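Q: coords please:
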Amino acid sequence: MAPSFTVHHAVSMVRKEDFDDTALISEAFAKHIVSSLLPARTRPVRCTIDAEPCGTGVKLRFSSHIDGLDSAAAVTHRLVFVDREETRISVHRITPENPSATSEVLVLLDGTDRDYCHASVYDAEERLLAVESVVFNHEGKVRAYPFTSQYVSPLTLGRAELHEIQSDDGRKMLRFTVGLSDLKEPEKIVIALQATGIIDRTEFVCTPEEPEVHRVIPLDANAGLAPGEWVVIAVDDQERFLAQSLIVIRPR
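A: Numbers count the residues shown, from 1 in each chain. You can find the predicted model right below:
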């Protein structure tokens with residue numbers, strides 16, 4: 001029997017307009033934090049990443065500091081190396097008196113000059129607290145990954161929503177709705193479901209007459225899903241960003 005799943009948002013929907021005033025992934029995602037752990041003020045999580053040469057690779061050191069904690073909490077550091085299809089995870093306990101946590105990982109470069117990763121902090125409910133995206137090289141130099149306008153679609157984004165729905169026969173599903181505005185002609189877009197090691201892409205066409213498309217992901221009896229964090233993302237036909245959310249899938 002195929003497994004069934006529950007789903008919750010790790011972050012709300014990030015839209016292309018979130019990059020209008022920044023080229024930093026950290027700043028764009030900070031606008032959409034939904035964690036209840038964070039104090040009610042802007043970006044209380046401070047993160048740093050540094051690196052140093054170590055043999056044929058580098059040692060990465062990722063630190064987080066959360067101001068304004070009311071009580072002890074557990075946080076998870078997650079470093080995702082996209083091209084390697086690899087994720088490193090460590091859990092830390094923090095308190096109001098000691099609100100900092102540091103993770104160290106060794107990364108073999110195997111003759112390559114550089115690599116990049118997304119380093120994130122999650123709360124105990126697996127909701128995102130902060131993310132930093134960086135490029136690092138064999139000399140230990142680290143810089144922010146520049147998500148400039150060339151990576152953002154020029155198309156006008158309309159609706160971008162992710163909801164759990166129920167079919168007529170009672171099956172639970174996740175529906176990602178994406179719409180384009182001000183269309184003069186048909187435009188192709190891609191909606192992808194991604195986890196470490198898996199990319200499941202579906203192509204759609206938005207038209208002036210039908211500007212919205214929907215991708216439906218069954219949550220009941222779906223052998224193609226697995227527990228963990230998944231990215232749900234929409235891009236145009238040149239792979240430029242339209243909208244994205246992070247979801248956490250768990251067995252029911």
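
Q: Would you mind listing the residues in contact with the spatially most central residue of the chain?
A: What sits nearest the mean C-alpha location of the chain, by C-alpha atoms, centre = their mean, is residue 246, with 4.9 Å. Contacts of residue 246 were listed using C-beta atoms under 8 Å, 6 or more residues apart in numbering, and they are 9-11, 128, 229-232. For glycine as for every other residue, the C-beta is placed from the backbone atoms N, C-alpha and C.

Q: and what of residue 241?
A: With C-beta under 8 Å, 6+ apart, residue 241 has these contacts: 16, 19, 147, 151-153, 233, 235.

Q: Show me the beta-bridge partners of it.
A: Beta-bridge pairing for residue 241 (DSSP bridges): residue 152, residue 235.

Q: Distance check, it against residue 133.
A: 13 Å (C-beta to C-beta, to the nearest Å).

Q: One more: residue 24?
A: For residue 24, the distance to residue 133 - C-beta to C-beta - is 8 Å.

Q: Tell me which of these two has more neighbours.
A: residue 133 (20 against 17; other C-beta atoms under 10 Å).

Q: Please report phi then psi for the more buried one.
A: phi -120, psi 120 (degrees, to the nearest 10).

Q: I figured it hits residue 28, correct?
A: No. Taking contacts as C-beta atoms under 8 Å, residue 133 lies outside contact range of residue 28: 10.0 Å.

Q: Could you tell me which residues touch both of the two?
A: The contact sets of residue 133 and residue 28 overlap at residue 147 (C-beta under 8 Å, 6+ apart).

Q: tell me the secondary structure for residue 17?
A: helix (DSSP: H, G, I helix; E, B strand; the rest coil).

Q: before we move on, what SS does the residue nearest to it when sequence neighbours are not counted have?
A: The shortest distance from residue 17 to any non-neighbouring residue, by C-beta to C-beta, 6 or more residues apart in numbering, is to residue 157 (7.1 Å). Going by three-state DSSP, the secondary structure assigned to residue 157 is strand.

Q: Right, I'll call it a day here.
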